[in-house]
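Engineer: Make a model of this:
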Amino acid sequence: MNTIRMFFWDQEGRVRWGYKFLTLVLILELLLPVLLLFVSGFGLAVSLPALRERGIVDAAGILAEEYRETAEEVWTICALSIQNLLLTGLCLLFGRLLLKKKPGQLGFRGGLALGAKELGLGLALGTGLLLAAALLIILFGGARIEVSGQENLSLWLLGYLVLFMLVGLGEETAFRGYAIASMAQTENPTLICCFTGLIFGLAHSANSSFSMMGFVNISLVGILLALLALKTGRLWMAIGFHIAWNFVQGCIVGFTVSGMETKSLFIMENTGSALISGGGFGAEGSILTTVVLAAALGAAVLGRKGLSHEPEKSF
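Structural biologist: Predicted coordinates:
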């Protein structure tokens, strides 16, 4: 009996952190896909009459050829937005029911002024690091930048901004807030940062044009964001970084975002090897981005002497 008990509980009578972390995997791989299928299917069924009336789809529900490209992009924005809203809700719900953590204990704390300040710092940091990586890629001959000239750009950029705000909220709630809270009892910041970072990298493995460099860079981003969350005891800076990193990468500079194409102010035409340009995966697939992230991570590690919160107290 004691052996069985030790398999599930630690010496202090707490459920071992691995089982807590496993609930995040179940949320991501089981509950989220099922709910997304149901919600998106319901939304599509409700919208079909209006789409037929406007001639966007025919009586059989087939998209008209002239609307196909636009409709597919709108569907991607809507589906990913819904997915991340659901992800946020599921993590907050299961965080309360299973981890016994309120939203504040998952990183949503600090008040409006402090939250806005840290969100802004995260936006600036994410923008700066992405632009630094883009500049290196251009200087080393990996890509050439030019104005995109795309139509209706303001509406598209607004749509993608909303999407990336929700992606930042959803993924940070899951991979930083919920994940760190599930591991807090280890009281080992290094393990928490590295493990959640690697899981974050693996979570993108199904993306288009995924590569080993893409895995390395997304894992480094995950480790950096975990460090920011642990340093502040809150998610706001990590959320801001995440939003800016994706939006600037895709909608301003014109790379693909983890393999996903977006409308953008500029476009990046690959002119060098995939190792330098990032290939179809975007800037996150470039070794030059690795250099930028490694430098940022080194600075963050050195700055950990100012860590004011222990994981157990923060999450």
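
Engineer: so where do the helices sit in the stretch 51-200 of the chain?
Structural biologist: 68-97, 111-139, 153-172, 179-183, 189-202 (DSSP state H, counting those that start in this stretch).

Engineer: Please identify the most buried of those helices.
Structural biologist: With neighbours taken as mean count of other C-beta atoms under 10 Å, the helices of the stretch 51-200 of the chain reach their highest mean count in helix 179-183, at a mean of 25. For the C-beta atoms, the positions are set from N, CA and C on the backbone; glycine is no exception.

Engineer: does residue 210 count as helix, strand or coil?
Structural biologist: Per DSSP: H, G, I helix; E, B strand; the rest coil, the local secondary structure of residue 210 is coil.

Engineer: All further residue positions should be reported with the first residue as 770.
Structural biologist: In the new numbering, first residue 770, that becomes residue 979.

Engineer: thinking again about what came up before, can I get the helices of the stretch 820-969 of the chain in TSV with mean pLDDT and distance to residue 1007?
Structural biologist: Shown next, in TSV, are those (pLDDT from 0 to 100; distance: least, C-beta to C-beta, whole Å):
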stretch	mean pLDDT	distance to residue 1007
helix 837-866	95	14
helix 880-908	97	6
helix 922-941	97	5
helix 948-952	97	10
helix 958-971	97	11
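
Engineer: Can you check which of the ones you listed gets nearest to residue 783?
Structural biologist: When the helices of the stretch 820-969 of the chain are compared by C-beta to C-beta, helix 948-952 sits nearest residue 783, at 11.3 Å.

Engineer: so how far is that closest one from its chain's centroid?
Structural biologist: Relative to its chain's centre, helix 948-952 lies at 17 Å (C-alpha atoms, centre = their mean, to the nearest Å).

Engineer: Residues contacting that helix, please?
Structural biologist: The contact list for helix 948-952 (C-beta atoms under 8 Å, 6 or more residues apart in numbering) reads 786, 789-790, 792-793, 864, 868, 870, 874-876, 960-961, 964-965, 968, 995, 998-999, 1080, 1083-1084.

Engineer: Narrow these to those that are buried.
Structural biologist: Neighbour-count burial (16 or more other C-beta atoms under 10 Å) applied to the contacts of helix 948-952 gives 786, 789-790, 792-793, 864, 868, 870, 874-876, 961, 964-965, 968, 995, 998-999, 1080, 1083-1084.
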